[in-house]
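can't give you the sequence, but here's the structure:
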(Lines give C-alpha, C1' and ligand atoms only; values in the text may rest on other atoms or scores of the structure.)
Protein backbone atom coordinates (compact mmCIF):
# COMPACT_ATOMS: atom_id res chain seq x y z
CA UNK A 1 0.00 0.00 0.00
CA UNK A 2 3.01 2.29 -0.19
CA UNK A 3 4.87 4.22 2.48
CA UNK A 4 3.19 6.06 5.30
CA UNK A 5 2.32 9.51 6.61
CA UNK A 6 4.93 11.52 4.67
CA UNK A 7 3.07 10.70 1.46
CA UNK A 8 -0.42 11.64 2.62
CA UNK A 9 -1.85 14.44 0.51
CA UNK A 10 -2.80 17.58 2.43
CA UNK A 11 -4.05 19.58 -0.54
CA UNK A 12 -7.80 19.80 -0.95
CA UNK A 13 -9.50 17.54 -3.51
CA UNK A 14 -9.87 20.11 -6.27
CA UNK A 15 -6.10 19.77 -6.73
CA UNK A 16 -6.23 15.97 -6.84
CA UNK A 17 -9.58 14.47 -7.70
CA UNK A 18 -10.88 10.96 -7.18
CA UNK A 19 -12.07 9.10 -10.24
CA UNK A 20 -15.25 7.75 -8.69
CA UNK A 21 -18.35 5.89 -9.67
CA UNK A 22 -21.29 8.12 -8.81
CA UNK A 23 -23.76 5.25 -8.67
CA UNK A 24 -24.40 3.82 -5.18
CA UNK A 25 -22.43 0.83 -3.94
CA UNK A 26 -23.38 -1.43 -1.05
CA UNK A 27 -21.82 -3.89 1.36
CA UNK A 28 -23.67 -6.70 3.11
CA UNK A 29 -21.73 -7.93 6.12
CA UNK A 30 -22.75 -11.35 7.45
CA UNK A 31 -21.23 -11.27 10.92
CA UNK A 32 -21.42 -13.56 13.90
CA UNK A 33 -23.76 -11.23 15.78
CA UNK A 34 -25.46 -9.13 13.11
CA UNK A 35 -26.22 -9.08 9.41
CA UNK A 36 -25.92 -5.54 8.09
CA UNK A 37 -26.51 -3.63 4.87
CA UNK A 38 -24.75 -0.33 4.28
CA UNK A 39 -25.30 1.48 0.97
CA UNK A 40 -22.99 4.39 0.07
CA UNK A 41 -23.46 7.27 -2.34
CA UNK A 42 -20.51 6.15 -4.47
CA UNK A 43 -17.02 4.75 -4.51
CA UNK A 44 -15.13 7.81 -3.25
CA UNK A 45 -12.40 8.62 -0.74
CA UNK A 46 -15.00 9.63 1.84
CA UNK A 47 -18.21 7.78 0.93
CA UNK A 48 -21.41 8.88 2.66
CA UNK A 49 -23.85 6.19 3.83
CA UNK A 50 -27.17 6.38 2.01
CA UNK A 51 -28.85 3.65 4.02
CA UNK A 52 -27.80 1.54 7.00
CA UNK A 53 -29.74 -1.36 8.48
CA UNK A 54 -28.73 -4.26 10.68
CA UNK A 55 -30.51 -7.35 11.97
CA UNK A 56 -29.14 -8.99 15.12
CA UNK A 57 -29.32 -12.65 14.07
CA UNK A 58 -26.78 -14.19 16.45
CA UNK A 59 -25.35 -16.60 13.90
CA UNK A 60 -22.26 -17.15 16.03
CA UNK A 61 -24.13 -18.07 19.22
CA UNK A 62 -22.95 -21.47 20.54
CA UNK A 63 -20.97 -22.26 17.38
CA UNK A 64 -17.82 -23.06 19.35
CA UNK A 65 -19.62 -25.56 21.58
CA UNK A 66 -22.09 -27.09 19.09
CA UNK A 67 -20.06 -26.65 15.91
CA UNK A 68 -23.17 -25.54 14.04
CA UNK A 69 -25.10 -22.42 13.12
CA UNK A 70 -28.41 -22.30 14.94
CA UNK A 71 -31.40 -23.01 12.65
CA UNK A 72 -33.40 -20.06 13.98
CA UNK A 73 -30.45 -17.70 13.50
CA UNK A 74 -29.95 -19.00 9.96
CA UNK A 75 -33.62 -18.36 9.14
CA UNK A 76 -33.38 -14.78 10.44
CA UNK A 77 -30.21 -14.17 8.46
CA UNK A 78 -31.67 -15.51 5.21
CA UNK A 79 -34.78 -13.38 5.67
CA UNK A 80 -32.59 -10.31 6.23
CA UNK A 81 -30.54 -11.07 3.11
CA UNK A 82 -33.67 -11.39 0.99
CA UNK A 83 -34.86 -8.05 2.32
CA UNK A 84 -31.49 -6.44 1.61
CA UNK A 85 -31.62 -7.71 -1.97
CA UNK A 86 -34.89 -5.85 -2.56
CA UNK A 87 -33.54 -2.69 -0.91
CA UNK A 88 -30.43 -2.73 -3.12
CA UNK A 89 -32.63 -3.04 -6.20
CA UNK A 90 -34.79 -0.15 -4.98
CA UNK A 91 -31.72 2.05 -4.46
CA UNK A 92 -30.35 1.02 -7.88
CA UNK A 93 -27.07 -0.04 -6.32
CA UNK A 94 -24.46 -0.54 -9.02
CA UNK A 95 -22.35 -3.08 -7.14
CA UNK A 96 -22.94 -5.16 -4.03
CA UNK A 97 -20.12 -6.72 -2.00
CA UNK A 98 -21.17 -9.49 0.38
CA UNK A 99 -18.81 -10.60 3.16
CA UNK A 100 -19.05 -13.40 5.69
CA UNK A 101 -16.82 -13.78 8.73
CA UNK A 102 -16.16 -16.01 11.75
CA UNK A 103 -19.51 -17.76 12.27
CA UNK A 104 -19.81 -19.00 8.68
CA UNK A 105 -16.09 -19.74 8.69
CA UNK A 106 -16.12 -21.92 11.82
CA UNK A 107 -19.44 -23.80 11.64
CA UNK A 108 -19.64 -27.25 10.04
CA UNK A 109 -22.87 -26.24 8.31
CA UNK A 110 -21.31 -22.93 7.22
CA UNK A 111 -20.95 -24.02 3.55
CA UNK A 112 -24.64 -24.99 3.38
CA UNK A 113 -25.61 -21.64 4.90
CA UNK A 114 -23.45 -19.73 2.44
CA UNK A 115 -25.03 -21.46 -0.54
CA UNK A 116 -28.50 -20.56 0.74
CA UNK A 117 -27.33 -17.04 1.53
CA UNK A 118 -26.06 -16.50 -2.03
CA UNK A 119 -29.50 -17.45 -3.33
CA UNK A 120 -31.22 -15.12 -0.83
CA UNK A 121 -29.12 -12.04 -1.62
CA UNK A 122 -28.48 -12.84 -5.30
CA UNK A 123 -24.74 -12.25 -4.98
CA UNK A 124 -21.51 -14.19 -4.59
CA UNK A 125 -20.23 -14.14 -1.01
CA UNK A 126 -16.62 -13.63 0.04
CA UNK A 127 -15.79 -15.79 3.06
CA UNK A 128 -13.02 -13.91 4.84
CA UNK A 129 -10.17 -15.64 6.61
CA UNK A 130 -9.13 -14.25 9.99
CA UNK A 131 -6.03 -12.74 8.43
CA UNK A 132 -8.02 -11.13 5.62
CA UNK A 133 -10.53 -9.75 8.13
CA UNK A 134 -7.68 -8.19 10.11
CA UNK A 135 -6.24 -6.63 6.94
CA UNK A 136 -9.56 -5.08 5.94
CA UNK A 137 -10.14 -3.75 9.46
CA UNK A 138 -6.74 -2.06 9.32
CA UNK A 139 -7.57 -0.53 5.94
CA UNK A 140 -10.83 0.72 7.41
CA UNK A 141 -8.90 2.57 10.10
CA UNK A 142 -6.48 3.94 7.49
CA UNK A 143 -9.49 5.20 5.53
CA UNK A 144 -11.04 6.84 8.59
CA UNK A 145 -8.10 8.35 10.50
CA UNK A 146 -5.47 10.86 9.45
CA UNK A 147 -2.07 9.10 9.50
CA UNK A 148 -3.02 6.42 12.06
CA UNK A 149 -0.30 4.91 14.23
CA UNK A 150 -1.11 2.02 16.52
CA UNK A 151 -2.88 -1.33 16.68
CA UNK A 152 -6.34 -2.00 15.27
CA UNK A 153 -8.59 -4.35 17.23
CA UNK A 154 -11.80 -5.53 15.55
CA UNK A 155 -14.09 -7.38 17.96
CA UNK A 156 -17.06 -9.05 16.35
CA UNK A 157 -19.41 -11.69 17.63
CA UNK A 158 -17.17 -14.63 16.78
CA UNK A 159 -13.59 -13.38 16.72
CA UNK A 160 -11.11 -10.66 17.60
CA UNK A 161 -8.55 -9.49 15.05
CA UNK A 162 -5.48 -7.46 16.00
CA UNK A 163 -3.16 -5.85 13.45
CA UNK A 164 -0.50 -3.14 13.52
CA UNK A 165 -0.95 -0.06 11.33
CA UNK A 166 1.50 2.78 10.63
CA UNK A 167 0.30 5.42 8.21
CA UNK A 168 -0.72 3.37 5.18
CA UNK A 169 1.34 0.30 6.09
CA UNK A 170 -0.54 -2.73 7.42
CA UNK A 171 1.40 -5.19 9.58
CA UNK A 172 0.88 -8.86 10.33
CA UNK A 173 -2.51 -9.66 11.84
CA UNK A 174 -3.69 -12.30 14.30
CA UNK A 175 -7.20 -13.65 14.92
CA UNK A 176 -8.56 -15.23 18.13
CA UNK A 177 -11.95 -16.66 19.18
CA UNK A 178 -12.60 -13.71 21.48
CA UNK A 179 -15.71 -12.24 19.91
CA UNK A 180 -18.55 -11.43 22.30
CA UNK A 181 -20.73 -14.43 21.44
CA UNK A 182 -17.75 -16.78 21.25
CA UNK A 183 -16.45 -15.68 24.65
CA UNK A 184 -19.91 -15.95 26.19
CA UNK A 185 -20.12 -19.47 24.77
CA UNK A 186 -16.63 -20.60 25.85
CA UNK A 187 -17.04 -19.21 29.36
CA UNK A 188 -20.48 -20.69 29.95
CA UNK A 189 -21.76 -17.20 30.68
CA UNK A 190 -19.18 -16.49 33.41
CA UNK A 191 -17.49 -13.10 33.10
CA UNK A 192 -14.79 -14.19 35.54
CA UNK A 193 -14.00 -17.25 33.44
CA UNK A 194 -14.12 -15.12 30.30
CA UNK A 195 -11.35 -12.92 31.71
CA UNK A 196 -9.16 -15.98 32.21
CA UNK A 197 -9.84 -17.19 28.65
CA UNK A 198 -9.01 -13.74 27.26
CA UNK A 199 -5.67 -13.72 29.11
CA UNK A 200 -4.76 -17.15 27.76
CA UNK A 201 -5.60 -16.32 24.16
CA UNK A 202 -3.95 -12.92 24.30
CA UNK A 203 -0.56 -14.63 24.53
CA UNK A 204 -0.91 -15.27 20.79
CA UNK A 205 -1.06 -11.53 20.22
CA UNK A 206 2.20 -10.61 21.98
CA UNK A 207 3.91 -9.51 18.69
CA UNK A 208 1.06 -7.06 18.02
CA UNK A 209 0.61 -5.85 21.60
CA UNK A 210 4.33 -5.35 22.23
CA UNK A 211 4.27 -2.58 19.61
CA UNK A 212 1.26 -0.84 21.17
CA UNK A 213 2.96 0.85 24.13
CA UNK A 214 2.67 4.63 23.88
CA UNK A 215 0.61 4.43 20.67
CA UNK A 216 -3.12 4.36 19.89
CA UNK A 217 -5.41 1.37 20.15
CA UNK A 218 -8.17 1.68 17.52
CA UNK A 219 -11.28 -0.13 18.76
CA UNK A 220 -13.53 -1.44 15.96
CA UNK A 221 -16.83 -3.26 16.43
CA UNK A 222 -20.36 -2.73 17.67
CA UNK A 223 -19.78 -3.95 21.22
CA UNK A 224 -16.92 -1.52 21.78
CA UNK A 225 -18.90 1.31 20.21
CA UNK A 226 -21.73 0.52 22.63
CA UNK A 227 -19.29 0.67 25.55
CA UNK A 228 -18.03 4.02 24.29
CA UNK A 229 -21.60 5.34 24.15
CA UNK A 230 -22.09 4.38 27.80
CA UNK A 231 -18.73 5.93 28.72
CA UNK A 232 -19.77 9.20 27.06
CA UNK A 233 -22.96 9.22 29.12
CA UNK A 234 -21.11 8.43 32.35
CA UNK A 235 -18.75 11.39 31.94
CA UNK A 236 -21.35 13.77 30.44
CA UNK A 237 -19.31 14.12 27.28
CA UNK A 238 -20.94 16.72 25.01
CA UNK A 239 -20.02 15.55 21.47
CA UNK A 240 -21.97 12.41 20.61
CA UNK A 241 -20.18 11.48 17.39
CA UNK A 242 -18.64 8.06 17.97
CA UNK A 243 -15.83 8.08 15.42
CA UNK A 244 -12.65 9.57 16.85
CA UNK A 245 -13.83 9.49 20.47
CA UNK A 246 -10.71 8.92 22.59
CA UNK A 247 -10.25 7.77 26.17
CA UNK A 248 -7.23 7.65 28.48
CA UNK A 249 -6.43 4.05 29.44
CA UNK A 250 -6.59 4.64 33.21
CA UNK A 251 -10.06 6.17 32.89
CA UNK A 252 -11.14 3.37 30.58
CA UNK A 253 -9.96 0.62 32.95
CA UNK A 254 -12.04 2.03 35.79
CA UNK A 255 -15.11 2.14 33.58
CA UNK A 256 -14.55 -1.35 32.13
CA UNK A 257 -14.32 -2.84 35.62
CA UNK A 258 -17.60 -1.12 36.48
CA UNK A 259 -19.27 -2.71 33.45
CA UNK A 260 -17.93 -6.15 34.35
CA UNK A 261 -19.17 -5.95 37.94
CA UNK A 262 -22.47 -4.09 37.56
CA UNK A 263 -25.89 -5.15 36.39
CA UNK A 264 -25.96 -3.71 32.86
CA UNK A 265 -29.53 -2.47 33.38
CA UNK A 266 -28.22 0.00 35.97
CA UNK A 267 -25.74 1.72 33.64
CA UNK A 268 -26.53 5.27 32.58
CA UNK A 269 -28.02 5.60 29.06
CA UNK A 270 -28.20 1.81 28.62
CA UNK A 271 -31.57 2.28 26.88
CA UNK A 272 -29.61 3.55 23.86
CA UNK A 273 -28.08 0.05 23.52
CA UNK A 274 -30.15 -2.71 21.89
CA UNK A 275 -31.30 -5.45 24.23
CA UNK A 276 -29.57 -8.08 22.10
CA UNK A 277 -26.25 -6.24 22.50
CA UNK A 278 -26.40 -5.66 26.26
CA UNK A 279 -25.39 -9.19 27.40
CA UNK A 280 -22.19 -8.88 25.37
CA UNK A 281 -20.99 -5.64 26.96
CA UNK A 282 -19.22 -7.35 29.86
CA UNK A 283 -17.32 -9.62 27.46
CA UNK A 284 -16.27 -6.67 25.35
CA UNK A 285 -15.08 -4.97 28.55
CA UNK A 286 -13.06 -8.04 29.58
CA UNK A 287 -11.21 -8.19 26.25
CA UNK A 288 -10.52 -4.46 26.07
CA UNK A 289 -9.27 -4.45 29.67
CA UNK A 290 -6.77 -7.22 28.86
CA UNK A 291 -5.54 -5.37 25.76
CA UNK A 292 -4.97 -2.19 27.77
CA UNK A 293 -3.16 -4.01 30.58
CA UNK A 294 -0.84 -5.90 28.24
CA UNK A 295 -0.38 -3.32 25.48
CA UNK A 296 -0.31 -0.11 27.57
CA UNK A 297 -1.53 2.21 24.80
CA UNK A 298 -1.36 5.98 25.04
CA UNK A 299 -5.07 6.21 24.26
CA UNK A 300 -8.04 4.21 23.03
CA UNK A 301 -9.77 5.63 19.95
CA UNK A 302 -13.16 4.44 18.75
CA UNK A 303 -13.38 3.77 15.03
CA UNK A 304 -16.64 3.66 13.13
CA UNK A 305 -14.62 2.49 10.12
CA UNK A 306 -13.82 -1.19 9.86
CA UNK A 307 -14.01 -4.09 7.43
CA UNK A 308 -16.70 -2.54 5.23
CA UNK A 309 -14.92 0.77 4.82
CA UNK A 310 -11.63 -1.07 4.37
CA UNK A 311 -13.06 -3.03 1.46
CA UNK A 312 -14.25 0.16 -0.25
CA UNK A 313 -10.88 1.81 0.40
CA UNK A 314 -9.19 -1.16 -1.25
CA UNK A 315 -11.19 -0.58 -4.44
CA UNK A 316 -9.70 2.90 -4.92
CA UNK A 317 -6.55 3.48 -6.92
CA UNK A 318 -3.37 4.54 -5.13
CA UNK A 319 -3.76 8.26 -5.80
CA UNK A 320 -7.33 8.24 -4.52
CA UNK A 321 -6.26 6.47 -1.31
CA UNK A 322 -3.78 9.24 -0.56
CA UNK A 323 -6.37 12.02 -0.64
CA UNK A 324 -7.20 13.47 2.77
CA UNK A 325 -10.70 12.16 3.67
CA UNK A 326 -11.57 15.20 5.79
CA UNK A 327 -10.84 17.56 2.93
CA UNK A 328 -12.75 15.31 0.53
CA UNK A 329 -15.82 15.47 2.80
CA UNK A 330 -15.46 19.23 3.35
CA UNK A 331 -15.21 19.79 -0.41
CA UNK A 332 -18.44 17.85 -0.90
CA UNK A 333 -20.17 19.97 1.78
CA UNK A 334 -18.85 23.08 0.04
CA UNK A 335 -20.29 21.94 -3.29
CA UNK A 336 -23.68 21.02 -1.83
CA UNK A 337 -24.25 23.82 0.69
CA UNK A 338 -22.27 26.95 -0.15
CA UNK A 339 -23.55 29.89 -2.15
CA UNK A 340 -20.51 29.66 -4.42
CA UNK A 341 -18.17 26.67 -4.00
CA UNK A 342 -15.38 28.58 -5.75
CA UNK A 343 -15.34 31.01 -2.83
CA UNK A 344 -14.46 28.27 -0.34
CA UNK A 345 -11.57 27.19 -2.52
CA UNK A 346 -10.35 30.78 -2.89
CA UNK A 347 -10.47 31.21 0.89
CA UNK A 348 -7.84 28.50 1.19
CA UNK A 349 -5.35 30.38 -0.98
CA UNK A 350 -6.28 33.76 0.56
CA UNK A 351 -5.75 32.55 4.14
CA UNK A 352 -2.63 30.62 3.10
CA UNK A 353 -1.05 33.88 2.04
CA UNK A 354 -1.92 35.62 5.29
CA UNK A 355 -0.75 32.77 7.54
CA UNK A 356 2.53 32.55 5.64
CA UNK A 357 3.28 36.20 6.41
CA UNK A 358 2.14 35.92 10.04
CA UNK A 359 4.90 35.35 12.56
CA UNK A 360 3.61 32.13 14.10
CA UNK A 361 4.02 28.42 13.45
CA UNK A 362 1.16 26.45 11.93
CA UNK A 363 1.49 22.66 11.99
CA UNK A 364 0.60 20.49 9.01
CA UNK A 365 -2.47 19.21 10.85
CA UNK A 366 -3.58 22.75 11.74
CA UNK A 367 -3.18 23.68 8.08
CA UNK A 368 -5.44 20.86 6.88
CA UNK A 369 -8.01 21.82 9.53
CA UNK A 370 -7.92 25.43 8.34
CA UNK A 371 -8.41 24.31 4.74
CA UNK A 372 -11.38 22.19 5.76
CA UNK A 373 -12.91 25.08 7.73
CA UNK A 374 -12.56 27.36 4.69
CA UNK A 375 -14.53 24.86 2.63
CA UNK A 376 -17.18 24.67 5.39
CA UNK A 377 -17.34 28.41 6.04
CA UNK A 378 -20.67 29.03 4.27
CA UNK A 379 -22.66 25.90 5.18
CA UNK A 380 -25.12 27.89 7.34
CA UNK A 381 -25.98 30.64 4.88
CA UNK A 382 -29.56 29.48 4.25
CA UNK A 383 -30.49 29.86 7.92
CA UNK A 384 -31.94 33.05 9.41
CA UNK A 385 -29.03 35.41 10.24
CA UNK A 386 -29.73 35.09 13.98
CA UNK A 387 -29.21 31.33 13.82
CA UNK A 388 -26.42 30.86 11.30
CA UNK A 389 -23.87 30.16 14.02
CA UNK A 390 -26.08 27.46 15.53
CA UNK A 391 -26.87 26.00 12.11
CA UNK A 392 -23.18 25.86 11.27
CA UNK A 393 -22.29 24.20 14.57
CA UNK A 394 -25.04 21.59 14.15
CA UNK A 395 -23.98 20.78 10.59
CA UNK A 396 -20.26 20.52 11.33
CA UNK A 397 -20.25 19.04 14.83
CA UNK A 398 -22.54 16.17 13.84
CA UNK A 399 -21.40 15.56 10.26
CA UNK A 400 -20.24 12.08 9.24
CA UNK A 401 -16.67 13.29 8.75
CA UNK A 402 -13.71 10.96 9.08
CA UNK A 403 -10.04 11.86 9.26
CA UNK A 404 -10.65 14.25 12.16
CA UNK A 405 -10.58 13.81 15.93
CA UNK A 406 -12.98 15.49 18.33
CA UNK A 407 -10.76 18.52 19.10
CA UNK A 408 -10.36 19.07 15.36
CA UNK A 409 -14.10 18.76 14.84
CA UNK A 410 -14.66 21.33 17.59
CA UNK A 411 -12.16 23.67 15.90
CA UNK A 412 -14.05 23.45 12.59
CA UNK A 413 -17.38 24.28 14.22
CA UNK A 414 -15.90 27.10 16.32
CA UNK A 415 -14.08 28.80 13.43
CA UNK A 416 -17.21 28.93 11.30
CA UNK A 417 -19.53 29.93 14.15
CA UNK A 418 -17.23 32.75 15.29
CA UNK A 419 -17.47 34.21 11.82
CA UNK A 420 -21.16 34.86 12.65
CA UNK A 421 -21.08 35.68 16.38
CA UNK A 422 -17.95 37.81 16.65
CA UNK A 423 -14.57 37.09 18.19
CA UNK A 424 -15.08 37.75 21.89
CA UNK A 425 -14.08 34.54 23.72
CA UNK A 426 -17.26 34.61 25.80
CA UNK A 427 -19.32 34.36 22.60
CA UNK A 428 -17.76 31.04 21.69
CA UNK A 429 -19.68 27.85 22.40
CA UNK A 430 -18.24 26.84 25.81
CA UNK A 431 -18.61 23.10 25.20
CA UNK A 432 -16.77 23.21 21.90
CA UNK A 433 -14.13 25.48 23.40
CA UNK A 434 -13.42 22.88 26.08
CA UNK A 435 -13.27 20.03 23.57
CA UNK A 436 -10.97 21.98 21.24
CA UNK A 437 -8.48 22.97 23.93
CA UNK A 438 -6.59 26.31 24.25
CA UNK A 439 -4.35 26.02 21.18
CA UNK A 440 -7.05 25.06 18.69
CA UNK A 441 -9.46 27.58 20.18
CA UNK A 442 -7.01 30.39 19.43
CA UNK A 443 -6.48 29.00 15.92
CA UNK A 444 -10.27 29.00 15.50
CA UNK A 445 -10.46 32.65 16.61
CA UNK A 446 -7.76 33.54 14.07
CA UNK A 447 -9.60 31.88 11.21
CA UNK A 448 -12.93 33.27 12.40
CA UNK A 449 -11.36 36.76 12.25
CA UNK A 450 -10.07 36.10 8.71
CA UNK A 451 -13.51 34.93 7.58
CA UNK A 452 -15.11 38.04 9.07
CA UNK A 453 -12.85 40.12 6.83
CA UNK A 454 -13.32 37.99 3.73
CA UNK A 455 -17.11 37.90 3.46
CA UNK A 456 -17.76 41.69 3.43
CA UNK A 457 -15.32 41.86 0.50
CA UNK A 458 -16.64 38.92 -1.50
CA UNK A 459 -20.27 38.54 -0.35
CA UNK A 460 -19.53 34.82 -0.44
CA UNK A 461 -18.99 34.85 -4.21
CA UNK A 462 -16.01 33.60 -6.18
CA UNK A 463 -13.55 35.78 -8.05
CA UNK A 464 -13.11 38.57 -5.49
CA UNK A 465 -10.58 37.58 -2.86
CA UNK A 466 -7.68 37.31 -5.28
CA UNK A 467 -8.00 41.06 -5.89
CA UNK A 468 -7.87 41.94 -2.20
CA UNK A 469 -4.72 40.45 -0.64
CA UNK A 470 -4.41 40.38 3.14
CA UNK A 471 -0.90 40.17 4.60
CA UNK A 472 1.25 41.09 7.58
CA UNK A 473 3.74 43.79 6.66
CA UNK A 474 6.09 45.62 9.00
CA UNK A 475 4.21 44.41 12.05
CA UNK A 476 0.78 45.45 10.72
CA UNK A 477 -2.20 43.61 9.25
CA UNK A 478 -2.76 45.20 5.83
CA UNK A 479 -5.75 44.65 3.52
CA UNK A 480 -5.29 46.08 0.03
CA UNK A 481 -8.32 46.94 -2.08
CA UNK A 482 -8.25 47.96 -5.76
CA UNK A 483 -9.14 51.60 -6.40
CA UNK A 484 -12.50 50.79 -7.93
CA UNK A 485 -13.43 48.99 -4.68
CA UNK A 486 -12.64 51.97 -2.48
CA UNK A 487 -16.31 52.24 -1.50
CA UNK A 488 -15.96 48.97 0.43
CA UNK A 489 -13.63 50.72 2.86
CA UNK A 490 -16.30 51.72 5.35
CA UNK A 491 -16.55 51.26 9.10
CA UNK A 492 -17.81 47.68 8.79
CA UNK A 493 -14.79 46.39 6.90
CA UNK A 494 -12.26 48.52 8.79
CA UNK A 495 -13.57 47.33 12.15
CA UNK A 496 -13.20 43.72 11.04
CA UNK A 497 -9.64 44.25 9.88
CA UNK A 498 -8.90 45.87 13.22
CA UNK A 499 -10.59 42.92 14.95
CA UNK A 500 -8.20 40.59 13.12
CA UNK A 501 -5.38 42.84 14.25
CA UNK A 502 -6.45 42.49 17.89
CA UNK A 503 -6.50 38.70 17.60
CA UNK A 504 -2.95 38.74 16.24
CA UNK A 505 -1.71 41.51 18.53
CA UNK A 506 -1.07 43.85 15.60
CA UNK A 507 -2.44 47.09 14.16
CA UNK A 508 -4.96 46.59 11.35
CA UNK A 509 -5.42 48.90 8.39
CA UNK A 510 -6.95 49.06 4.90
CA UNK A 511 -5.03 50.52 1.95
CA UNK A 512 -6.44 51.47 -1.45
CA UNK A 513 -4.58 50.80 -4.68
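Nice, I can see it. Model, not experiment: these values are computed from the prediction. Residues are numbered from 1 along each chain as shown.

just the strands from the stretch 101-250 of the chain, written as ranges.
126-127, 149-155, 160-166, 169-176, 216-220, 246-247 (DSSP state E, counting those that start in this stretch).

gap between residue 359 and residue 395?
As defined by CB to CB, to the nearest Å, residue 359 lies at a distance of 33 Å from residue 395. Quick note: C-beta positions are derived from backbone N, CA and C, even for glycine.

repeat for residue 112
In this view, residue 112 and residue 395 are 48 Å apart by CB to CB.

burial measure for residue 361, as a count.
Per other CB atoms under 10 Å, the neighbour tally for residue 361 reads 7.

so it is in which element?
Using DSSP states H and E, residue 361 sits within no helix or strand.

so where is the stretch 201-350 of the chain shaky, pLDDT-wise?
Scanning the stretch 201-350 of the chain for pLDDT under 70 picks out nothing.

point to the residue nearest the middle of the chain.
For the chain, the residue nearest the mean C-alpha position is residue 402 (3.2 Å; CA atoms, centre = their mean).

per-residue pLDDT, the residue nearest to it when sequence neighbours are not counted?
Residue nearest to residue 402 in three dimensions, not counting chain neighbours: residue 144, with 4.1 Å by CB to CB, 6 or more residues apart in numbering. For residue 144, the model assigns a pLDDT of 95.

before we move on, what about the one 10 residues further on?
The per-residue pLDDT reported for residue 154 equals 95.

could you do residue 475 as well?
92.

phi first, then psi, for it.
The phi/psi pair for residue 475 (degrees, to the nearest 10) reads phi 70, psi 20.

please apply the same query to residue 70.
Taking degrees, to the nearest 10 as the convention, residue 70 sits at phi -70, psi 140.

in space, what's closest to it - neighbours in sequence excluded?
residue 61 (6.0 Å).

now the one you found. Its backbone dihedrals?
phi -70, psi 120.

how near is it to residue 72?
Distance from residue 61 to residue 72, by CB to CB: 10 Å.

of these two, who's got more company?
residue 61 (23 against 11).

that one touches residue 68, doesn't it?
No: contact status for residue 61 versus residue 68: not in contact, 10.7 Å apart, counting by CB atoms under 8 Å.

quick one on the thing from earlier: could you check the pLDDT of the residue nearest to residue 70?
89.

try the one 3 residues further on
pLDDT, the model's per-residue confidence, is 86 for residue 64.

ok so it is a helix residue?
Yes: with DSSP: H, G, I helix; E, B strand; the rest coil as the criterion, residue 64 is located in a helix.

that one and residue 30, how far apart?
Separation of residue 64 from residue 30 (CB to CB): 18 Å.

which residues does the spatially closest residue to residue 199 that is not a sequence neighbour contact?
Closest residue in space to residue 199, ignoring its immediate chain neighbours: residue 290 at 5.8 Å, by CB to CB, 6+ apart. For residue 290, the contacting residues are 195, 198, 199, 202, by CB atoms under 8 Å, 6 or more residues apart in numbering.

what's the answer for residue 483, then?
Contacts of residue 483 by CB under 8 Å, 6+ apart are 512, 513.

which ones are touching residue 248?
Taking CB under 8 Å, 6+ apart, one finds residue 299 in contact with residue 248.

for residue 125, what are phi and psi?
phi -120, psi 130.

neighbours of residue 358, how many?
15.

before we move on, what about residue 212?
Each residue near residue 212 was counted by other CB under 10 Å, and the total is 22.

show me what contacts the residue nearest to it when sequence neighbours are not counted?
Excluding the flanking residues, the one nearest residue 212 by CB to CB, 6+ apart is residue 295, at 3.4 Å. Residues in contact with residue 295, defined by CB under 8 Å, 6+ apart, are 151, 209, 210, 212, 213, 217.

surely the last one meets residue 154?
No: applying CB under 8 Å, one finds residue 217 not in contact with residue 154, separated by 11.5 Å.

which one's more surrounded, these two?
Using other CB under 10 Å as the criterion, residue 217 and residue 154 rank with residue 154 on top: 29 against 26.

run through the bridge partners of the more buried one.
Under DSSP bridges, the beta-bridge partners of residue 154 are residue 161, residue 220.

which ones are touching it?
Residue 154 neighbours (CB under 8 Å, 6+ apart): 133, 134, 137, 160, 161, 220, 221, 306, 307.

may I see these organised as CSV, with distance to residue 267 added?
Shown next, in CSV, are the contacts of residue 154 (distance: CB to CB, whole Å):
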residue, distance to residue 267
133, 29
134, 30
137, 27
160, 23
161, 27
220, 22
221, 19
306, 24
307, 28
